[in-house]
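S.K.: Please work out how this folds:
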Amino acid sequence: MKRREFITLLSGAALSPVAVRAQQAIPVVGFVHASAPESYGHAVAAFRKGLNETGFVEGRNVAVEYRWAYDDAKKFPELVAELVRRQVAVIVTPVGTAAALAAKAATTTIPIVFSMGTDAVKAGLVASYNRPGGNITGLTFMASELGAKRLGLLLELRPQTKSIGLLVNPSNPVAAETSTKDVRSAALASGLDVNVVAAGNPREIDEAFSMLGRMRVDGLVVSPDPLFNNRRVQLATLAARYMIPSVSPLREFVKAGGLMSYGPNDEDRYRLVGVYAGRVLKGEKPADMPVQQPTAFLLVINLQTARALGIEVPPSLLARADEVIE
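M.R.: Residues are numbered from 1 along each chain as shown. You can find the predicted model right below:
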């Protein structure tokens with residue numbers, strides 16, 4: 001059996017003392033993800049690419065222990081605790097505030113690299129962006145704070161909009177509260193009604209869209225959340241069924257049939273998490289590594305979906321799009 005296959009086989013099982021000693025020769029990275037591996041092969045590949053850029057190749061001079069929460073945030077404390085007991089060299093939480101908070105609560109000594117869509121200072125993860133302090137650093141792509149921008153894109157697409165829906169996950173309160181405040185403020189300035197609907201699992205997503213259909217909203221802003229990222233096909237299908245123009249933070253939502261997205265480059269985010277993890281493995285201290293923020297955002301539009309919804313996308317909006325799916 002090849003070494004890579006051997007490590008993969010062990011990733012979900014308890015290691016014997018002999019196996020633990022065998023792996024101590026190379027550093028081990030603990031990778032805690034909010035969703036399921038089946039939907040995030042591209043993300044893992046991007047993370048490995050980041051590690052490679054710093055000189056680390058999985059299975060050769062670094063091992064990775066993968067832990068997946070399968071859209072259940074209640075699993076984070078135990079998943080992180082397993083990695084702490086195994087004394088991994090660094091813990092990475094590449095998506096979501098809840099996972100990062102669970103890691104911070106579990107250890108003050110093992111370095112942590114996070115990636116999240118909310119303000120890391122407001123979330124209580126770091127002291128400041130320039131000097132995080134403690135054992136934690138990472139990336140914040142400020143997806144929650146972009147709710148007003150996404151609402152503006154919907155209005156540009158459909159100027160006649162009078163009411164909008166906002167989909168949030170109550171299990172991710174920091175992102176939900178930030179998105180709600182941001183979108184409500186922007187909607188108030190534009191004279192729009194906002195209908196906030198909550199969903200914390202696939203069944204509740206179905207119920208939320210049924211409610212939005214009864215409300216006859218003119219558009220929907222999807223809050224950034226690991227659950228919604230993983231259920232992007234379900235979201236796109238329901239938006240089409242109820243004929244609701246929707247905008248999401250995630251490009252993959254548009255690829256799955258959604259109308260529009262505006263947010264940072266997702267694969268580059270995972271790559272940067274890998275780079276930061278590699279730098280920590282080389283001896284840099286998280287306390288001295290500034291929290292990174294995105295410098296560019298992608299606007300993606302699905303013209304097929306627009307036509308199905310009876311929407312003519314303004315040429316000015318198409319001209320600004322970074323990607324158009326036809």
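
S.K.: What separation do you get for residue 282 and residue 222?
M.R.: Computed as CB to CB, to the nearest Å, the residue 282 to residue 222 distance reads 38 Å. (C-beta placed from N, C-alpha, C; glycine too.)

S.K.: quick one: which of these two has more around it?
M.R.: Neighbour count, other CB atoms under 10 Å: between residue 282 and residue 222, residue 222 has more, with 25 against 11.

S.K.: My read is that the more buried one contacts residue 231, right?
M.R.: No: Residue 222 is beyond contact range of residue 231, at 10.1 Å (criterion: CB atoms under 8 Å).

S.K.: Which residue ranges of the stretch 1-150 of the chain form strands?
M.R.: 28-33, 63-68, 90-93, 112-116, 136-140 (DSSP state E, counting those that start in this stretch).

S.K.: Next one: the closest residue to residue 223 other than its chain neighbours, what pLDDT does it get?
M.R.: Leaving aside its sequence neighbours, residue 223 sits nearest to residue 179 (CB to CB, 6 or more residues apart in numbering; 4.0 Å). Turning to residue 179, the model gives it a pLDDT of 88.

S.K.: lowest confidence element among the helices and strands of the chain?
M.R.: Ranking every helix and strand in the chain by mean pLDDT, DSSP states H and E puts helix 3-10 at the bottom, with a mean of 42.

S.K.: which residue sits closest to residue 286, ignoring its sequence neighbours?
M.R.: Nearest one to residue 286, counting by CB to CB, 6+ apart, is residue 137 at 4.0 Å.

S.K.: For the one you found, grab the count of nearby residues.
M.R.: Neighbours around residue 137, by other CB under 10 Å: 28.

S.K.: That one against residue 128, yeah?
M.R.: No: the pair residue 137 / residue 128 is not scored as a contact, 10.9 Å apart, by CB under 8 Å.

S.K.: Give me the buried positions along stretch 267-283.
M.R.: 267-281 (16 or more other CB atoms under 10 Å).

S.K.: now, which of these sits nearest residue 99?
M.R.: Nearest to residue 99 out of these is residue 273 (CB to CB; 11.9 Å).

S.K.: And that closest one, how close does it get to residue 286?
M.R.: To residue 286, residue 273 is 13 Å away according to CB to CB.

S.K.: what residues are shared contacts of the two?
M.R.: residue 113 (CB atoms under 8 Å, 6 or more residues apart in numbering).

S.K.: can you give me the helices in this protein?
M.R.: Using DSSP state H, the helices of the chain run over 3-10, 17-23, 41-53, 76-85, 97-106, 147-157, 173-190, 202-215, 226-230, 232-241, 251-255, 266-281, 303-308, 315-320.

S.K.: Adding distance to residue 326, write those helices out as CSV.
M.R.: Listed next are those as CSV, based on distance: least, CB to CB, whole Å:
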stretch, distance to residue 326
helix 3-10, 38
helix 17-23, 48
helix 41-53, 22
helix 76-85, 40
helix 97-106, 35
helix 147-157, 17
helix 173-190, 29
helix 202-215, 26
helix 226-230, 24
helix 232-241, 16
helix 251-255, 12
helix 266-281, 21
helix 303-308, 5
helix 315-320, 11
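
S.K.: Relative to residue 163, which of these is closest?
M.R.: helix 202-215 (7.1 Å).

S.K.: and the most centrally placed residue in the chain, what does it touch?
M.R.: The residue lying closest to the centre of the chain (CA atoms, centre = their mean) is residue 95, at 4.2 Å. Residues in contact with residue 95 (CB under 8 Å, 6+ apart) are 33-35, 43, 115-116, 226, 229.

S.K.: Which residue in those residues has the weakest pLDDT?
M.R.: residue 226 (84).

S.K.: Next, the contact list for it, please.
M.R.: 33-35, 71, 95-96, 172.

S.K.: Now flag whichever of the buried residues of stretch 267-283 is closest to residue 192.
M.R.: Distances from residue 192 to those, taken by CB to CB, are shortest for residue 269, at 30.2 Å.

S.K.: thought that closest one was touching residue 140?
M.R.: No: using CB under 8 Å, residue 269 is not in contact with residue 140, being 10.1 Å away.

S.K.: Name the residues contacting each of those two.
M.R.: What both residue 269 and residue 140 touch, as defined by CB under 8 Å, 6+ apart, is the set residue 115.

S.K.: Not counting its neighbours along the chain, what's nearest residue 53?
M.R.: residue 275 (5.6 Å).

S.K.: so where is this protein shaky, pLDDT-wise?
M.R.: Scanning the chain for pLDDT under 70 picks out 1-24, 143-145.

S.K.: swap the cut-off to 50 and go again
M.R.: 1-23 (pLDDT under 50).

S.K.: what does the domain assignment say about it?
M.R.: Using automatic domain parsing, the domain parsing of the chain gives 3-141+265-288, 144-263+297-325.

S.K.: separation between residue 321 and residue 90?
M.R.: 37 Å.

S.K.: Same drill for the two, tell me which one is more crowded.
M.R.: Shown here are residue 321 and residue 90; by other CB under 10 Å, residue 90 has more neighbours (23 against 16).
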